[in-house]
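Q: generate a structure from the sequence data that follows.
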Amino acid sequence: MSHRTNGTRRTIGQRPVASIQDVADRAEVSIATVSRALNKPHLVSPETALRISRAVTELGYRPNRLAQALMTRRSGVVGIALPDIHGEFYSDLMRGADAEAREQGCHLLVGSSHLAPLDGTDPATGGMGRALGLIDGLAVMITEPRPTLDAELEALGAPIVVVDAEVADHDAVVVNHAGGAREATRHLLDGTPPSKCFFVGGPESNLDSRARARAFGATLCEAGHSPTPDQIRFDSYSIGWGQRWTRDAARIQDLRGIAVFAANDEIGYGVVTQAQDLGFGVPDDVRVVGFDGTRLTEIARPSLSTVLVPREELGRQAIRVLLQRLESPDAPRRRVMLSTSLIVRGSSGQ
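A: The predicted structure is shown next:
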């Protein structure tokens, strides 16, 4: 193996290997500028970034990530841990996180499980637990409360950003679920008496489902009606639950004139299809609003009103806040709240 001397390229065997100095010479910039363009492209002007990109392509330069990690004590890899990676919600969130990581010059590692038990055993963490020594920080999506959560996050031993929940002493990126739920409920109350409005929720232990249910109940109270237990029900985030709730409700009451706020679009779709199967019109007899703003809302007939959650932006902000924490480890705790928006379609009457 020979190394660059007298302005020539270093070689491995007989194959020349471009160095960062070669790229700098070709682009007529400093080594530091090349490094910034490769690792933090937002800090370099577009014209300079284009020259460096062309030089990298022409020379076939490949950064030595191991050497960079040894020098900077940063791997350039960040992680995001989600409760699941199946479905449109998580797919969109990961797309946003990956786009932000790439724009910031980082690589993204995704895992579908995250928290390690406190007894020191090595759980099946989808590789995330064993990868913690390779990543610079981790965005963790929390959907269920757990009494040992603070200790479990601390045990991860890495900078943490909590997604869609708030944990003391940790940065957080959250969605305004309560605001979206209030907006949806007020929309349904415009034309439906509060005694005939129903919330069909996901799991009662789920933080998002709880927040949406509380906001629904509080909005009914503001309208002068204290909701009865049968007006707020919990089960699962599924089409089947929406269908089952509708069948059960039809056995004990006439569904004509009711309004349903579903905790997600799958539940809402189930309510719409089952109501129609039972001979009720939507929205003439049953008005329905979902939550999340997935493509399922456009498949439903009539199309499903929904509260749009900015899923890609949620992923982007999680990575953005995490990288800010890595740059400023002693900065005050950050909290970013993303707004939702109500999209009124045919299922609730336009």
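
Q: residues contacting the closest residue to residue 283 other than its chain neighbours?
A: Distances taken as C-beta to C-beta, 6 or more residues apart in numbering put residue 349 closest to residue 283, at 4.4 Å, once the chain neighbours are dropped. Just so you know, the C-beta spots here come from the backbone N, C-alpha and C atoms, and that holds for glycine as well. By C-beta atoms under 8 Å, 6 or more residues apart in numbering, residue 349 lies in contact with 191, 283, 287.

Q: which of these are buried? Put it as a PyMOL command.
A: Buried subset of those, written as a PyMOL selection, criterion 16 or more other C-beta atoms under 10 Å:
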select buried, resi 283+287
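
Q: next step: the contacts of residue 349 restricted to strands.
A: Among those, the members found in strands (DSSP state E) are residue 287.

Q: and residue 74, what's its pLDDT?
A: Here the pLDDT value assigned to residue 74 is 59.

Q: what's the answer for residue 181, then?
A: With respect to pLDDT, residue 181 scores 98.

Q: need the residues that contact the helix or strand where it lies.
A: Assigned by DSSP states H and E, residue 181 belongs to helix 177-189. Applying C-beta under 8 Å, 6+ apart, the contact partners of helix 177-189 are 197, 208, 211-216, 218-220, 223, 259-261, 287, 289, 291, 305, 307, 309, 339-342, 344, 348.

Q: likewise stretch 217-236?
A: Outside stretch 217-236, the residues that touch it by C-beta under 8 Å, 6+ apart are 181-182, 185-186, 189, 193-195, 197-204, 209, 213, 216, 241, 244-245.

Q: one more time with 6 Å, if that's ok
A: Stretch 217-236 is contacted from outside by 182, 185, 189, 194, 195, 198, 199, 200, 201, 204, 213, 241, using C-beta atoms under 6 Å, 6 or more residues apart in numbering.

Q: go on, stretch 99-112?
A: Contact with stretch 99-112 is made by 39-41, 76-82, 84-85, 94, 97-98, 126, 128, 131, 135, 316, 319-320, 323, as judged by C-beta under 6 Å, 6+ apart.

Q: with stretch 322-336 instead?
A: With C-beta under 6 Å, 6+ apart as the contact definition, stretch 322-336 has outside contacts at 78, 104, 136, 137, 139, 159, 161, 171, 172, 173, 317, 321.
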